[in-house]
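K.L.:
model the following, please.
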Amino acid sequence: MRSEFKNRKTFEDRARDSAAIRDQHTNKVPVIVERSSSEKSLPILDKTKFLVPDHVTVTELIRVLRRRLNLAPGQAFFLLSDRGLPPGTQTLAELWESEHDEDGFLYVFYAAQEYFG
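P.N.:
Alright, predicted model coming up:
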């Protein structure tokens, strides 16, 4: 999946931003959350850059994002990384460690349907 955030900012700017964030907030993870390019039914978040405490799990992040998007309880919502669907019990620190981009940000995408590829 291609990130709009990457299209808007140069690699150098992104790397500098993430390094500054990690230096100032050692117990937080810089995360970019974007709507999947193929997603049409879910609304777009009001912001894409999040600073998430490293102990927060993927499930907790999903709960926060669902609340920000004002989704109905039964509405489907999936959070995807480049490798697919991360385990809900995985912390953001663990996910960042295994899947962060070379610019230092963790990129995740949300969609109403689970898909891979």
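
K.L.:
tell me which other helices or strands the biggest strand by length in the chain touches.
P.N.:
Using DSSP state E, we find that the single longest strand of the chain is strand 28-35. Under the contact criterion of 3 or more CB pairs under 8 Å, 6 or more residues apart in numbering; DSSP states H and E, strand 28-35 touches helix 4-8, helix 11-24, strand 49-53, helix 92-99, strand 106-111. All C-beta spots, glycine's among them, are computed from the backbone N, C-alpha and C.

K.L.:
where does pLDDT dip in this structure?
P.N.:
Applying pLDDT under 70 to the chain flags the ranges 114-117.

K.L.:
do you know how far the residue located most distally from the centre of it is from Gly88?
P.N.:
Here the chain reaches farthest from its C-alpha mean at Gly74, the gap being 21.6 Å by CA atoms, centre = their mean. For Gly74, the distance to Gly88 equals 18 Å [CB to CB, to the nearest Å].

K.L.:
now do Asp103
P.N.:
Note on Asp103: its distance to Gly88, by CB to CB, is 26 Å.

K.L.:
more neighbours: these two, which one.
P.N.:
Neighbours per residue (other CB atoms under 10 Å) separate Asp103 from Gly88, with Asp103 holding more: 22 against 12.

K.L.:
OK, contacts around the closest residue to Tyr107 other than its chain neighbours?
P.N.:
Nearest residue to Tyr107, sequence neighbours excluded (CB to CB, 6 or more residues apart in numbering): Ile32, at 4.9 Å. Counting by CB atoms under 8 Å, 6 or more residues apart in numbering, Ile32 touches 3, 5, 48-50, 105-108.

K.L.:
could you do Phe50 as well?
P.N.:
Taking CB under 8 Å, 6+ apart, we find Phe50 in contact with 30-33.

K.L.:
repeat that for Leu61.
P.N.:
Contacts of Leu61 were listed using CB under 8 Å, 6+ apart, and they are 31, 52, 79, 92.

K.L.:
among those residues, which ones are buried?
P.N.:
31, 52, 79, 92 (16 or more other CB atoms under 10 Å).

K.L.:
widest-spaced pair of the residues you listed?
P.N.:
Within the buried ones among the contacts of Leu61, Val52 and Leu79 form the most distant pair, 12.0 Å apart (CB to CB).
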